[in-house]
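Participant: dropping the sequence and predicted coords here.
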Amino acid sequence: MNSSLKLTVMSDVRSANPPPVPAIEVLSAEKIYSNGTRALLPVNLTINQGEFVTLLGPSGCGKSTLLKMVAGLTESSDGKLLLWRRDSREKAQVPLSFVFQEATLMPWSDVQNNVRLPLDLAGVPRAEANTRVSEALELVGLSKFAKVLPRELSGGMQMRVSIARGLVTRPKLLLMDEPFGALDEITRNKLDSDLLRLWREQGLTVVFVTHSIHEAVFLSQRVIMMAARPGRVVEDIAITEPFPRNEDFRVTPAFSRYAKQLQDSLLQASQSGME
Ligand SMILES: Nc1ncnc2c1ncn2[C@@H]1O[C@H](COP(=O)(O)OP(=O)(O)OP(=O)(O)O)[C@@H](O)[C@H]1O
């Protein structure tokens, strides 16, 4: 091969597969709460920039604890957590948003004021904040509901407001703790699809906690399986189906195979208490 051709081939390979950038590095991080509960044995886990990763496991296995540690909402008792290679305690460095299971909206305030809250708290000038609120509402399909009070919205729409409030700060990292767990199946499926669209369009890194095997298969590139008593990571399962994924994916043989694999793994995780 002549040298110029070799160079072209090498640069093609490079541009097709840029090296992964570690977004989250959990380095032997463990958690013992002040009442003595050992919520997590040391966890080692790397999540790369742009990945969609789900935490799945039986109740009490430490999914929320791990997510809160990544968010800096709770400190690890030992070990380290890096976000984009910096200590996670330097929170100002990485814009991240946390979406909870409850939409937790201010009932007396309309949709746009609810979405603007993080910008108001950060002192962003009103005109710029309003532009960003409009963008965020557009992203979740709620532009027409900017002046409506939360109680006038369905549960699914309230959750969209909560997601818009998460996106308004333009985060790189979106941490979601069972955000759709309280919704009916059709609404949940719709929001799953919308979330995948946002993830791809916005280039987000997403860590998503769920109890649902089917939701984990539909959304994830990787599923981190956890076990309880004490909480720990037991498996890292790749879901290699390509994106975009639409509703048809849910009725394919590949989907069923992954669901079975996760079900078996979850069953094993549920029976593997060490205490
Ligand atoms: N603030 C706290 N103080 C003491 N113990 C806690 C605290 N928060 C969680 N725990 C305990 O830590 C363990 C892990 O809890 P965590 O909520 O992280 O699990 P989870 O997998 O998210 O559970 P679930 O699926 O039921 O939400 C549990 O035994 C829980 O009771």
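Facilitator: Done, it's in. Numbering: from 1, shown residues only.
Participant: what parts of the chain come near the ligand?
Facilitator: Residues of the chain lying near the ligand by C-beta under 6 Å from any ligand atom: 33, 35, 37, 39, 57, 59-65, 231. Where you see a C-beta, it was placed from the backbone N, CA and C, and this is true even at glycine.
Participant: now render these as a markdown table, adding pLDDT and secondary structure.
Facilitator: Putting the residues of the chain next to the ligand into a markdown table (pLDDT from 0 to 100; DSSP: H, G, I helix; E, B strand; the rest coil) gives the following:
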| residue | pLDDT | secondary structure |
| --- | --- | --- |
| Tyr33 | 95 | coil |
| Asn35 | 94 | coil |
| Thr37 | 93 | coil |
| Ala39 | 95 | strand |
| Gly57 | 95 | coil |
| Ser59 | 92 | coil |
| Gly60 | 92 | coil |
| Cys61 | 95 | coil |
| Gly62 | 96 | coil |
| Lys63 | 96 | helix |
| Ser64 | 96 | helix |
| Thr65 | 96 | helix |
| Gly231 | 94 | coil |
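Participant: pull out the buried residues from the residues you listed.
Facilitator: Neighbour-count burial (16 or more other C-beta atoms under 10 Å) applied to the residues of the chain next to the ligand gives 39, 57, 60-65, 231.
Participant: I'd say Val206 and Pro171 touch.
Facilitator: No - between Val206 and Pro171 no contact is recorded; they are 9.9 Å apart, counting by C-beta atoms under 8 Å.
Participant: so which of the two has more stuff around it?
Facilitator: Between Val206 and Pro171, counting by other C-beta atoms under 10 Å, Val206 is the more crowded of the two (24 against 19).
Participant: export the helix or strand harbouring Leu137 as PDB, just CAs?
Facilitator: Per DSSP states H and E: Leu137 is located in helix 126-139. C-alpha atoms of helix 126-139 as PDB (Å, rounded to 0.1, in the frame of the first residue of the first chain):
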ATOM      1  CA  ARG A 126     -34.600  36.800  32.500                       C
ATOM      2  CA  ALA A 127     -34.500  37.300  28.700                       C
ATOM      3  CA  GLU A 128     -32.000  34.600  28.100                       C
ATOM      4  CA  ALA A 129     -33.700  32.300  30.500                       C
ATOM      5  CA  ASN A 130     -37.000  32.700  28.700                       C
ATOM      6  CA  THR A 131     -35.400  31.800  25.400                       C
ATOM      7  CA  ARG A 132     -34.000  28.700  26.900                       C
ATOM      8  CA  VAL A 133     -37.300  27.800  28.500                       C
ATOM      9  CA  SER A 134     -39.000  28.100  25.100                       C
ATOM     10  CA  GLU A 135     -36.300  25.800  23.600                       C
ATOM     11  CA  ALA A 136     -36.700  23.200  26.400                       C
ATOM     12  CA  LEU A 137     -40.600  23.200  26.100                       C
ATOM     13  CA  GLU A 138     -40.200  22.800  22.400                       C
ATOM     14  CA  LEU A 139     -37.900  19.800  22.900                       C
END
